[in-house]
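Peer 1: Prediction below, plus the sequence it came from.
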Amino acid sequence: MNDFGLDLAVIGNGRTAALLEPSSRLVRWCFPRFDGDPIFCRLLAGDEEKGFSDVVLDGMVDFTSDYVRNTAVVSTVLTDRKGAAVKITDFAPRFRIYDRTFRPPQLVRIIEPVAGMPRITIRFRPASRYGVPMPLKSIGSNHITFRGSDVVIRLTTDAPLSYIDREAPFVLTRPLYLVMGPDEPFPADLSTTCREFADRTRDYWTEWVRRLSISYDWQDVIIRAAITLKLSNFEETGGIIAAHTTSIPEAPKSGRTWDYRFCWLRDAYFVVKALNRLGATQTMEDFISFILGIASEEVVRPVYSIVPADGMDEEIAEHLSGYCGDGPVRIGNAAAGQIQHDTYGSIILAAMPIFFDRRLPRPGDAGLFQLLERLGVLAEKSAFEPDAGIWEYRGRMRVHTHSVAMCWAGCNRLAAIATHLGIKDRAAYWSEVANRIQTRLLDEAWNEKRGAFTAGIGVDELDASVLLLPDIGLVEISDPRFLRTVDAIERELLRGKHVMRYASEDDFGLPESAFLICRFWLIDVWWKLGRREEAIDMFNDALQYRNRYGLLAEDVHLQNNQLCGNFPQTYSMAGLILTAMRLSRSWEDRYWHD
């Protein structure tokens with residue numbers, strides 16, 4: 001089999017999602033939701049051929065695979081040495097019906113002959129309990145039911161069941177339809193229903209894209225990134241996951257393998273900001289509903305399950321050897337128990353539009369403001385207390401510049417909200433708190449010896465997150481101290497055109513990969529500083545690291561320039577959108593500029 005690495009597509013519907021290779025093999029599918037047990041776990045199974053489904057074409061010599069334009073539907077064509085070809089269409093159903101969105105925990109696969117007499121084998125090898133094959137199965141009249149110890153999955157199909165059961169090849173003479181999902185009877189004609197689901201799902205996505213407000217340049221890039229972010233939104237609760245995978249290493253043999261199938265509030269804020277910039281306000285409204293429940297809790301954590309009450313205890317999946325055999329494979333994330341003070345500001349910033357965005361049907365009021373004030377109190381109290389920081393150090397605590405800055409941002413925005421609502425005394429209070437934090441931070445985070453705002457108070461290391469200081473309004477872009485900070489970051493954190501988040505040793509040694517989001521932060525700074533050509537050149541170079549489907553992971557490895565880290569990474573895709581929108585020409589210029 002080909003090793004496609006992270007050259008994968010994601011299909012989904014806001015409830016479930018799967019990853020598939022360009023040759024049609026489904027290698028990742030958590031069921032029944034984003035953070036569920038992976039029915040397909042081949043991506044993390046090392047050399048073991050388990051946890052996948054595919055269509056094997058005898059004598060295959062070529063394949064093409066891409067998204068159907070402006071959709072989350074993937075179309076793949078496999079061709080054999082004699083010119084026979086088969087077309088495979090993969091999607092998760094999503095469309096409007098009865099005034100609500102239909103998004104079942106299902107995958108649909110349509111297999112069609114398009115030339116000659118293709119000879120294929122359909123393989124379906126589900127797993128449960130994170131890598132344990134399902135040995136028990138029963139064959140019905142038009143389905144096969146697979147049973148694990150705590151999950152049951154049904155494959156409903158009009159393909160020959162005996163051939164699937166035996167993994168035997170046969171000649172494809174007509175279209176075949178496969179529906180993968182819960183162990184429930186399929187109550188309608190399979191072929192008609194799958195065709196209808198495919199058409200309505202395509203129509204849903206093309207209409208969703210049609211309503212986006214995008215820039216003139218890099219339109220296809222922005223559209224694909226926007227769809228990918230939408231696929232990371234668990235609409236039932238409004239949570240937004242950081243990625244659809246767990247334990248793709250940040251660098252080979254680094255031990256940096258984390259479960260990202262959860263909602264980091266800082267990441268989700270960037271996603272909401274990006275989608276809101278495009279006019280996709282529903283995701284913002286859903287996420288605000290998600291965070292309002294969190295804001296009322298006694299303790300506010302940096303990361304939550306997509307169902308916030310669910311636990312996130314971290315453990316090792318013993319039956320999976322890891323991506324390319326590189327483990328460990330982790331389930332859950334210990335970051336849920338960390339102290340990360342930037343969370344308070346992230347929530348307040350994410351909720352701000354509800355007070356100011358006139359498109360929204362239910363504007364924020366004094367009651368909501370009082371709820372957010374609880375977070376402001378935590379930000380004021382915690383601003384200069386040590387925490388794990390934005391990069392979630394596991395072995396040390398310090399007062400991180402970014403964390404303090406986000407505490408300031410939360411208090412600053414509370415003052416703006418109070419002013420907007422006409423609550424003058426609270427506006428004055430939060431303005432005074434914000435000014436006090438700002439004055440102290442700019443004084444103590446400045447390191448004259450290093451000539452920069454450093455990663456934290458009293459430390460010498462540099463950190464790319466300080467590039468966000470002008471974006472949140474803490475300093476002016478023209479502040480001489482910030483200009484010197486940019487120079488220092490370029491000297492020490494740039495590797496060619498890659499940008500390190502930091503270059504100093506951490507709990508796992510020296511970092512070996514560059515964070516893609518950090519590159520977008522630097523590009524944005526260059527653009528604001530008038531370094532337009534450099535910014536565009538750096539951005540266009542970043543686009544070269546997208547895979548064939550237009551998707552990005554978290555990192556790029558410095559030695560081999562390969563994508564690494566969890567995938568697809570919402571942080572990276574949101575950065576892509578925000579930077580593209582910033583750098584693009586206006587639509588008014590389109591007729592007279594090349």
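Peer 2: Nice, I can see it. Numbers count the residues shown, from 1 in each chain.
Peer 1: what's the least confident helix or strand in the chain by mean pLDDT packed up against?
Peer 2: Using mean pLDDT, DSSP states H and E, helix 281-295 stands out as the lowest-scoring helix or strand of the chain, at a mean of 86. Using 3 or more Cβ pairs under 8 Å, 6 or more residues apart in numbering; DSSP states H and E, the elements in contact with helix 281-295 are strand 233-234, strand 239-240, helix 265-277, helix 342-351, helix 353-356, helix 366-382. All C-beta atoms are positioned from the backbone trio N, CA, C, and that covers glycine.
Peer 1: what pLDDT, on average, does the next helix or strand along the chain from it get?
Peer 2: Counting by DSSP states H and E, the next helix or strand C-terminal to helix 281-295 is strand 303-304. The average pLDDT within strand 303-304 is 96.
Peer 1: Tell me the first helix or strand C-terminal of strand 303-304.
Peer 2: Helices and strands here follow DSSP H and E; after strand 303-304, the next one along the chain is strand 315-316.
Peer 1: Quickly run through the sheet partners of that next one, with directions.
Peer 2: strand 330-331 (antiparallel) (DSSP bridges).
Peer 1: Show me how far the partner strand is from its chain's centre.
Peer 2: On the basis of Cα atoms, centre = their mean, to the nearest Å, strand 330-331 sits 17 Å off its chain's mean C-alpha point.
Peer 1: And stretch 337-354, by the same measure?
Peer 2: Worked out by Cα atoms, centre = their mean, stretch 337-354 lies 18 Å from the chain centre.
Peer 1: got the CA positions of that stretch in PDB?
Peer 2: The C-alpha trace of stretch 337-354 is given here as PDB (Å, rounded to 0.1, in the frame of the first residue of the first chain):
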ATOM      1  CA  GLY A 337      -6.200  20.000  34.300                       C
ATOM      2  CA  GLN A 338      -3.700  22.700  33.600                       C
ATOM      3  CA  ILE A 339      -3.800  26.300  34.600                       C
ATOM      4  CA  GLN A 340      -3.900  28.600  31.500                       C
ATOM      5  CA  HIS A 341      -4.900  32.100  32.300                       C
ATOM      6  CA  ASP A 342      -5.300  33.200  28.600                       C
ATOM      7  CA  THR A 343      -8.600  31.300  28.700                       C
ATOM      8  CA  TYR A 344     -10.500  34.000  30.400                       C
ATOM      9  CA  GLY A 345      -9.700  36.600  27.700                       C
ATOM     10  CA  SER A 346     -10.300  34.100  24.900                       C
ATOM     11  CA  ILE A 347     -13.900  33.600  26.200                       C
ATOM     12  CA  ILE A 348     -14.600  37.300  26.500                       C
ATOM     13  CA  LEU A 349     -13.200  38.100  23.100                       C
ATOM     14  CA  ALA A 350     -15.200  35.200  21.500                       C
ATOM     15  CA  ALA A 351     -18.400  36.500  23.200                       C
ATOM     16  CA  MET A 352     -17.800  40.200  22.300                       C
ATOM     17  CA  PRO A 353     -19.600  40.100  18.900                       C
ATOM     18  CA  ILE A 354     -22.900  39.300  20.600                       C
END
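Peer 1: Contacts for the least confident helix or strand of the chain next, please.
Peer 2: Residues from elsewhere that reach helix 281-295 (Cβ atoms under 8 Å, 6 or more residues apart in numbering): 229-230, 233, 235, 237-240, 263, 265, 268, 271-272, 275-276, 300-301, 304, 308, 347, 350-351, 353-354, 357, 359-360, 368, 371-372, 374-375.
Peer 1: and if we set it to 6 Å?
Peer 2: With contact meaning Cβ atoms under 6 Å, 6 or more residues apart in numbering, helix 281-295 is reached by 233, 237-239, 268, 272, 275-276, 308, 347, 351, 354, 359, 371, 375.
Peer 1: Tell me which residues of that helix come out buried.
Peer 2: Within helix 281-295, the residues that qualify as buried are 281, 283, 284, 285, 286, 287, 288, 290, 291, 292, 294, 295, counting by 16 or more other Cβ atoms under 10 Å.
Peer 1: could I get the residues you listed as CSV with distance to residue 204?
Peer 2: Shown next, in CSV, are the buried residues of helix 281-295 (distance: Cβ to Cβ, whole Å):
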residue, distance to residue 204
281, 17
283, 15
284, 19
285, 18
286, 17
287, 20
288, 23
290, 22
291, 26
292, 28
294, 29
295, 32
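Peer 1: Closest one of these to residue 435?
Peer 2: Nearest to residue 435, judged by Cβ to Cβ, of these is residue 295 at 23.9 Å.
Peer 1: Distance-wise, check the closest one relative to residue 363.
Peer 2: 17 Å (Cβ to Cβ, to the nearest Å).
Peer 1: And for residue 346?
Peer 2: Distance of residue 346 to residue 363, given as Cβ to Cβ: 21 Å.
Peer 1: higher neighbour count, the two?
Peer 2: residue 346 (24 against 14; other Cβ atoms under 10 Å).
Peer 1: ok, the more buried one to residue 278 distance?
Peer 2: For residue 346, the distance to residue 278 - Cβ to Cβ - is 20 Å.
Peer 1: follow-up on the earlier one: out of the contacts of helix 281-295, flag the one nearest to residue 564.
Peer 2: The shortest approach to residue 564 among these belongs to residue 268, at 22.4 Å (Cβ to Cβ).
Peer 1: Below-threshold pLDDT in this structure: ranges please.
Peer 2: Applying pLDDT under 70 to the chain picks out residues 1, 590-594.
Peer 1: what comes into contact with stretch 248-263?
Peer 2: Here stretch 248-263 has contacts from 34-35, 239-243, 246-247, 303-306, 323, 326, 328, 330-333, 508, 512-513, 555, 557, 564-567, using Cβ under 6 Å, 6+ apart.
Peer 1: Using PyMOL, make a named selection holding only the buried ones among those.
Peer 2: Typed into PyMOL, the next command selects the buried ones out of the contacts of stretch 248-263 (criterion: 16+ other Cβ under 10 Å):
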select buried, resi 34+35+239+240+241+242+243+246+247+303+304+305+306+323+326+328+330+331+332+333+512+513+555+557+564+565+566+567
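Peer 1: wait, is residue 237 part of a strand?
Peer 2: No. Residue 237: not assigned to a strand; according to DSSP: H, G, I helix; E, B strand; the rest coil it is coil.
Peer 1: give me the element residue 514 is part of.
Peer 2: Secondary structure assignment for residue 514, by DSSP H and E: strand 513-515.
Peer 1: Please name every helix or strand in contact with whichever helix or strand comes after that strand.
Peer 2: Once strand 513-515 ends, the next helix or strand along the chain (criterion: DSSP H and E) is helix 516-528. Taking 3 or more Cβ pairs under 6 Å, 6 or more residues apart in numbering; DSSP states H and E as contact, the helices and strands that helix 516-528 lies on are strand 498-499, helix 532-543, helix 570-583.
Peer 1: Okay, angle between helix 516-528 and helix 532-543 too, please.
Peer 2: For helix 516-528 against helix 532-543, the angle between stretch directions is 160 degrees (axes from the mean of the first three to the mean of the last three Cα atoms, to 10 degrees).
Peer 1: contact partners of helix 516-528?
Peer 2: With contact meaning Cβ under 6 Å, 6+ apart, helix 516-528 is reached by 464, 467, 477, 486, 499, 501, 534-535, 538-539, 542, 552, 571-572, 575, 579, 582-583.
Peer 1: Mind giving me the PyMOL command for buried ones among those?
Peer 2: Those of these that count as buried under 16+ other Cβ under 10 Å are selected in PyMOL with:
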select buried, resi 464+467+477+486+499+501+535+538+539+542+552+571+572+575+579+582+583
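Peer 1: buried stuff in stretch 74-90?
Peer 2: Residues of stretch 74-90 classed as buried: 74-80, 84-90 (neighbour count, 16+ other Cβ under 10 Å).
Peer 1: and those as TSV, adding secondary structure and distance to residue 208?
Peer 2: Below are those laid out as TSV (DSSP: H, G, I helix; E, B strand; the rest coil; distance: Cβ to Cβ, whole Å):
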residue	secondary structure	distance to residue 208
74	strand	17
75	strand	18
76	strand	23
77	strand	26
78	strand	29
79	strand	32
80	strand	36
84	coil	36
85	strand	31
86	strand	29
87	strand	24
88	strand	24
89	strand	19
90	strand	19
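Peer 1: now the residues you listed as CSV including distance to residue 209?
Peer 2: Conversion of the buried residues of stretch 74-90 to CSV gives the following (distance: Cβ to Cβ, whole Å):
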residue, distance to residue 209
74, 16
75, 17
76, 21
77, 23
78, 27
79, 29
80, 34
84, 34
85, 28
86, 28
87, 23
88, 23
89, 18
90, 19
